[in-house]
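1. Mind looking at a prediction? Sequence and model below.
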Amino acid sequence: MNYKITVLPGDGIGPDIVSEALEVLKVIGKKYGHSFELTEADLGGIAIDKHGVPLPQSTIDACKSSDAVLLGAVGGPKWDTVPGNLRPEAGLLGIRAALGLYANLRPAIIYNALKDASPLKSDIISNGIDIMVIRELTGGIYFGKRGRLETDGVEAAYDTEMYNRTEIERIAKVGFDTAMKRGKRLMSVDKANVLESSRFWRQVVEEVAKEYPEVALSHMYVDNAAMQLVRNPAQFDVVLTSNIFGDILSDEASMITGSIGMLPSASLGATKLGLYEPIHGSAPDIAGQDKANPIATILSVAMMLRYSFDLPEEAGAIEKAVVSVLDNGYRTVDIASAGTTVVGTKEMGRVIREAI
Ligand code: ATP
Ligand code: MG
């Protein structure tokens, strides 16, 4: 098959890590007989420099006419003085909205070889951690009605959380579909003991569950989930939650792994077109120095193969190669420890390709 990919290297270490990920994709194409047609476009600071805006129409058009989008990272001190709506980060929010990407998938994995990096005690993570957090990305309190007012002569402000049936049904389906591809367990996180929007969330998720009799669904309040992620993270497989709760819990889940340079993400919508990017930022302090860890971006390519192209075997080949390279002691500086072999961005990419 021929797959069209729009590549947005972005700023800082973006170009360094994206080029390694594309080399990995090339090797996968050769090994499994796929061709990947790449189109590069500008997003973020580089787009501000070249086009005067962080998200040019030409970039939106390129993304819309492709099967998937691979993004490096955007932003950096150079654009810190640019006004808010023209910031590099506004380009990122803009492209997610333009593509209607309402589901954000963030795996949090503690690799055996990197257990020491986790801030959690070794007995808590002894059997490894492999959690997928699914966050609703285009609704809820971040998009609800908000404002300032005065009540009884006192200044006040408000934000509102609202979810409609369609929004909950579609994100719940992503949750159940993901659970079907994994351990067939889904934990929906809400605050149904207090919030009406959460009670409705729980009701609709229960209804969608009827279409997935094989998946074991359970519910947890968000305050308890925040606690359980630290106390006993091994109990989680797929976690499904709203925009604001997912924002907080996905950061918490990624930090318990202790290695930000390792974690990929996928943003999905109604079609197979998804956007794939590492969860870390543009790390301007190490840009262009062959120091950045390319693994999060390489694993983002694996997610692309799995979710946009339905190529789980190819995705698995990349994931296995990463595990074997870590087991063989290769580390970039950010994940280095005593007795390991420290390599640069390019060498890390090369050993992963060799392992594939
Ligand atoms: P943002 O605001 O864009 O989310 P940030 O500025 O808060 O990001 P990052 O850009 O992710 O944070 O960088 C935080 C720290 O982690 C920096 O010191 C950076 O060098 C390091 N870092 C981030 N990504 C990587 C990576 N892939 N490899 C090595 N180090 C990284
Ligand atoms: Mg940054």
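-> Alright, I've got the coordinates. Ligands and ions are numbered 1, 2, ... in the order given.
2. Quick one: distance of the helix ranked longest in the chain to the chain centre.
-> Using DSSP state H to define each element, the chain has its longest helix at helix 14-32. With Cα atoms, centre = their mean, to the nearest Å as the basis, helix 14-32 stands 18 Å off its chain's centre.
3. buried set for it?
-> Using 16 or more other Cβ atoms under 10 Å as the test for burial, helix 14-32 gives 14-25, 27-28. In short, each C-beta sits where N, CA and C put it, glycine included.
4. Give the next helix or strand downstream of it.
-> Using DSSP states H and E, the helix or strand that follows helix 14-32 in sequence is strand 35-40.
5. Wondering if the next helix or strand after that next one reaches ligand 1 at all.
-> The helix or strand immediately downstream of strand 35-40 is helix 45-51, counting by DSSP H and E. No. Shown here: helix 45-51 not in contact with ligand 1 (Cβ under 6 Å from any ligand atom), separated by at least 11.1 Å.
6. same for helix 45-51, what does it pack against?
-> strand 2-10, helix 88-98 (3 or more Cβ pairs under 8 Å, 6 or more residues apart in numbering; DSSP states H and E).
7. For the ones you listed, give me CSV that also has mean neighbour count and mean pLDDT.
-> Output for the helices and strands packed on helix 45-51, formatted as CSV (neighbours: other Cβ atoms under 10 Å; pLDDT from 0 to 100):
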stretch, mean neighbour count, mean pLDDT
strand 2-10, 22, 97
helix 88-98, 20, 93
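8. Just to be sure, Ser218 is in a helix?
-> No. Using DSSP: H, G, I helix; E, B strand; the rest coil, the assignment for Ser218 is strand, not a helix.
9. Run through the bridge partners of it.
-> Met187 (DSSP bridges).
10. My read is that it contacts Ala179, right?
-> No. Ser218 is beyond contact range of Ala179, at 11.2 Å (criterion: Cβ atoms under 8 Å).
11. overlap in contacts of these two?
-> Arg185, Leu186 (Cβ atoms under 8 Å, 6 or more residues apart in numbering).
12. out of those two, which sits in the busier spot?
-> Ala179 (23 against 10; other Cβ atoms under 10 Å).
13. any idea how far the helix or strand encompassing Ala108 is from the chain center?
-> In the assignment (DSSP H and E), Ala108 maps to strand 103-110. Averaging C-alpha positions (Cα atoms, centre = their mean) puts strand 103-110 6 Å from its chain's average.
14. now swap in stretch 116-127 and tell me
-> Worked out by Cα atoms, centre = their mean, stretch 116-127 lies 23 Å from the chain centre.
15. Next to ligand 1, which bits of the protein? Give me the list.
-> So far as Cβ under 6 Å from any ligand atom goes, the chain lies against ligand 1 at 13, 75, 260-261, 280-283, 285-286, 292-293, 296, 334.
16. Let me see the ranges of the helices in the stretch 51-200 of the chain.
-> Under the criterion DSSP state H, counting those that start in this stretch, the stretch 51-200 of the chain contains helices at 57-64, 88-98, 165-181, 196-209.
17. likewise the stretch 201-350 of the chain?
-> Using DSSP H, counting those that start in this stretch, helices in the stretch 201-350 of the chain cover 222-231, 243-255, 295-307, 312-327, 345-355.
18. Direction included, what does the strand holding Ala108 pair up with?
-> strand 129-136 (antiparallel), strand 264-268 (antiparallel).
19. which residues are contacting the longest one?
-> The one in question is strand 129-136. Strand 129-136 is contacted from outside by 102-110, 118, 163, 167-168, 171, 174-175, 178, 182, 233-234, 236-243, 245-247, 249-250, 253, 256-257, using Cβ under 8 Å, 6+ apart.
20. are any of these buried, and which?
-> 102-110, 118, 163, 167-168, 171, 174-175, 178, 182, 233, 236-243, 245-247, 249-250, 253, 256-257.
21. what's the nearest residue to the residue in the stretch 151-300 of the chain that ligand 1 sits nearest to if we skip its chain neighbours?
-> Among all residues of the stretch 151-300 of the chain, Gly281 sits closest to ligand 1, at 2.2 Å; criterion: Cβ to the nearest ligand atom. In space, and not counting its chain neighbours, Gly281 is closest to Ala73: 5.4 Å by Cβ to Cβ, 6 or more residues apart in numbering.
22. That neighbour: what's it in contact with?
-> 10-14, 17, 44, 277-278, 280-283.
23. which ones are touching the residue in the stretch 51-200 of the chain that ligand 1 sits nearest to?
-> At 5.0 Å from ligand 1, Gly75 is the closest residue in the stretch 51-200 of the chain, using Cβ to the nearest ligand atom. Going by Cβ under 8 Å, 6+ apart, Gly75 touches Asp11, Gly12, Gly44, Gly45, Arg87, Pro88, Glu89, Gly281, Ser282, Pro284.
24. Around the third one, how many other residues sit close by?
-> Going back to what we said before, that points to Gly44. 31.
25. One more: Gly52?
-> With other Cβ under 10 Å as criterion, Gly52 counts 9.
26. residues in contact with the nearest residue in space to Phe143 that is not next to it in sequence?
-> Spatial nearest neighbour of Phe143, chain neighbours left out: Asn243 (7.5 Å); criterion: Cβ to Cβ, 6+ apart. By Cβ under 8 Å, 6+ apart, the residues touching Asn243 are Arg135, Glu136, Leu137, Thr138, Gly139, Gly140, Ile141, Tyr142, Phe143.
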